[in-house]
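Trainee: structural data only, the sequence is not supplied:
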């Protein structure tokens, strides 16, 4: 197997010589990240094919940016190289734009049976939750009847553009010119060649996108900040690593994690706020500031210039700040403190804050397990009675498990006592015109699908007691946003991201605080879910649990400011009208 790596020029750099393979990520370049993962599988030389016109000295610079021996082939040289290979020789193609694959991904090719004479592609099947597709249905008069947003990988997977690795015999690709593995795949498919996709269940990160390259940079910088001296780096202070020959003036201020590559210079009064990587042979001149940014090799930052949340190269004589969506809070060596940039411009100062999120989550989980276990024991006679009542009064199972989305969108079977006739889901479409609530919910006052025993269980909220088992297993919490199925979470993207950042709950702020339920209930649902996530605490959970018991499961409304003093604007007023 012979390795061929495609290199790309970064489109967002003013410096035209910018090469993706030479970009520093953590304590090594992307080239070393890739080659270190394939070196066990290849034979002989490793070839690099740039998809852009080479600048003078490209091969020499690439050799300086990798610890491995590589040979650069221009486009014409690559065509000749392939033509001289035997038709059965296997070529392993790697696209640097999708270069953050794992070593285990190679097993797809190494373990594959011989004799396949097409193109085998490793495809990352995933999605970008920040992107959506929206479908709007309108009636004959143009009035909007329904809006559907889809942004989950199940319904909108990204595949063809996310090819990271591909393997083919030399005869299959002979005479073909291509700039990416996705393009190679398309060309061969159009020619009728056999192309086999091997899916990998994870998102494919596109390093040609500045925001995603910065996300990779942040991840690798945080990892490097936890390491000690290695790979030619020495520790200047906790979370700050210096490469051989790097010079940092004593008056410069470095907030970890920061990596300064060999032969780079940080001059007097400069400020570097991590996660930040200063590439090889860079110069950060007097008074310049780098915040959550990546400087490619050879970058010169002029005096007083600020670079914030960006990837830059060449000579930078003016400030650069781009909103790439990269996070500002990162872990340092001790994993107990975070460094967050503050101030109107994001650069006026740095404060150190304690990270108590882990303690709060652990305490919440401890409370959940203790209360759920005790409740399951004490309520076991009631649970058994309800089980037998449902089982003997209507056809079907006593328990109903419906797929709901938990934390981070992970689906789980949410348990309830069955309160409807068998096949109720199929009947819902026929009753859609009678829906009495807004948003994605479905509710009819006298729902014909509900059994007589089911009405009693719903009225007393006994139907939700089996969810104590979900709480005990860690799929739910006692308090949190209402567990919702996939289709209900497609309505509002920011709301979905907020409510799925915590485990769903048996009860919650919405259940005990909502009012005026016949009007704009969905608006209140969104309002209270986000309010709960923003104010998450054990004390708030205890208040909500007490309110749930005292109001018999939310039969009477509890004023919002009783549970959250200082939040005087009530959702019933704030969301009184759809506007």
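Mentor: Looks like it arrived, so ask away. Please read these numbers as outputs of a predicted model, since none were measured by experiment. Numbering: from 1, shown residues only.
Trainee: and the strands in the stretch 151-300 of the chain?
Mentor: Assigned by DSSP state E, counting those that start in this stretch, the stretch 151-300 of the chain shows strands spanning 163-169, 195-200, 233-237, 240-243, 247-248, 253-255, 258-260, 265-266, 271-273, 276-278, 283-284, 289-291, 294-295, 300-301.
Trainee: before we move on, what about the stretch 401-550 of the chain?
Mentor: 411-417, 477-479, 505-507.
Trainee: chain center to the longest one: distance?
Mentor: Put simply, strand 411-417 sits 25 Å off its chain's centre (Cα atoms, centre = their mean, to the nearest Å).
Trainee: kindly report the same for stretch 2-22.
Mentor: The answer for stretch 2-22 is 25 Å, by Cα atoms, centre = their mean.
Trainee: and if you look at stretch 496-516?
Mentor: 22 Å.
Trainee: ok so, going back, save the strands of the stretch 401-550 of the chain as a markdown table, and put in distance to residue 169 and mean pLDDT too.
Mentor: Where you see a C-beta, it was placed from the backbone N, CA and C, and this is true even at glycine. What follows is these, written out as a markdown table (distance: least, Cβ to Cβ, whole Å; pLDDT from 0 to 100):
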| stretch | distance to residue 169 | mean pLDDT |
| --- | --- | --- |
| strand 411-417 | 40 | 94 |
| strand 477-479 | 54 | 96 |
| strand 505-507 | 55 | 95 |
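Trainee: figure out which of the ones you listed is closest to residue 248.
Mentor: Closest approach to residue 248 among these (Cβ to Cβ): strand 477-479, 46.6 Å.
Trainee: tell me which residues are up against the closest one.
Mentor: The contact list for strand 477-479 (Cβ atoms under 8 Å, 6 or more residues apart in numbering) reads 364-365, 367-368, 371-372, 471, 502-508, 532, 540-541, 544-545.
Trainee: can you say which of the residues you listed are buried?
Mentor: 364, 367-368, 372, 471, 502-508, 532, 540-541, 544-545 (16 or more other Cβ atoms under 10 Å).
Trainee: just the residues you listed: which are in helices?
Mentor: 364, 367-368, 372, 471, 532, 540-541, 544-545 (DSSP state H).
Trainee: before we move on, back to that, pick the most buried one from the strands of the stretch 401-550 of the chain.
Mentor: Most buried of the strands of the stretch 401-550 of the chain by mean neighbour count (mean count of other Cβ atoms under 10 Å) is strand 477-479; its value is a mean of 27.
Trainee: helix, strand or coil for residue 35?
Mentor: The local conformation at residue 35, judged by DSSP: H, G, I helix; E, B strand; the rest coil, is helix.
Trainee: how about stretch 164-180: buried residues?
Mentor: Buried residues in stretch 164-180, counted by 16+ other Cβ under 10 Å: 164-170, 172-173, 178, 180.
Trainee: gap between that stretch and the chain center?
Mentor: So, by Cα atoms, centre = their mean, the centroid of stretch 164-180 is 31 Å from its chain's centroid.
Trainee: what's the span of it, first residue to last?
Mentor: End-to-end distance for stretch 164-180, by Cα to Cα, to the nearest Å: 10 Å.
Trainee: residues in contact with stretch 530-546: which ones?
Mentor: With contacts defined as Cβ under 8 Å, 6+ apart, stretch 530-546 is touched by 360, 363-364, 367, 477-481, 494-495, 498-499, 501-502, 507-510, 512, 560, 562-564, 567, 571.
Trainee: over to stretch 381-397?
Mentor: Residues from elsewhere that reach stretch 381-397, judged by Cβ under 8 Å, 6+ apart: 376, 398-399, 417-419, 421-422, 451-454, 457, 462, 465-466.
Trainee: in PyMOL, select just the buried ones from those.
Mentor: Applied in PyMOL, the following selects the buried portion of the contacts of stretch 381-397 according to 16+ other Cβ under 10 Å:
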select buried, resi 376+398+399+417+418+419+451+453+454+457+462+465+466
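Trainee: in the protein, what helix or strand scores lowest on average pLDDT?
Mentor: strand 337-342 (a mean of 33; mean pLDDT, DSSP states H and E).
Trainee: hang on, the earlier thing: from the contacts of stretch 381-397, which two are the most distant?
Mentor: Of all pairs drawn from the contacts of stretch 381-397, the widest gap by Cβ to Cβ lies between 376 and 421 and measures 27.7 Å.
Trainee: which residues are in contact with the residue nearest to residue 472 when sequence neighbours are not counted?
Mentor: Take residue 472 and drop its neighbours on the chain: the residue closest to it by Cβ to Cβ, 6 or more residues apart in numbering is residue 372, 4.2 Å away. Residues in contact with residue 372 (Cβ under 8 Å, 6+ apart) are 468-469, 471-472, 478.
Trainee: and residue 372, how far from residue 321?
Mentor: 48 Å (Cβ to Cβ, to the nearest Å).
Trainee: now do residue 57
Mentor: As judged by Cβ to Cβ, residue 57 and residue 321 stand 31 Å apart.
Trainee: which one of these two has more residues nearby?
Mentor: residue 321 (15 against 10; other Cβ atoms under 10 Å).
Trainee: need the nearest residue in space to that one, chain neighbours excluded.
Mentor: residue 308 (4.1 Å).
Trainee: who touches the one you found in this structure?
Mentor: Per Cβ under 8 Å, 6+ apart, neighbours of residue 308: 289, 291-293, 319-322, 346-347.
Trainee: turn those residues into a markdown table, including distance to residue 391 and pLDDT.
Mentor: Formatted as a markdown table, the contacts of residue 308 follow (distance: Cβ to Cβ, whole Å; pLDDT from 0 to 100):
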| residue | distance to residue 391 | pLDDT |
| --- | --- | --- |
| 289 | 69 | 94 |
| 291 | 63 | 91 |
| 292 | 58 | 87 |
| 293 | 63 | 90 |
| 319 | 70 | 90 |
| 320 | 67 | 87 |
| 321 | 64 | 83 |
| 322 | 61 | 72 |
| 346 | 61 | 33 |
| 347 | 65 | 33 |
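Trainee: identify, from the residues you listed, the entry nearest to residue 528.
Mentor: Distances from residue 528 to the contacts of residue 308, taken as Cβ to Cβ, are shortest for residue 346 (30.8 Å).
Trainee: domain parsing of the protein, as residue ranges.
Mentor: 2-200, 210-354, 359-574 (automatic domain parsing).
Trainee: these two touch, right, residue 97 and residue 206?
Mentor: Yes. Between residue 97 and residue 206 there is a contact under Cβ atoms under 8 Å: 5.9 Å.
Trainee: one step back: the ones in helices among the buried ones among the contacts of strand 477-479: which two are farthest apart?
Mentor: Farthest apart among those by Cβ to Cβ are 372 and 532. That separation is 19.3 Å.
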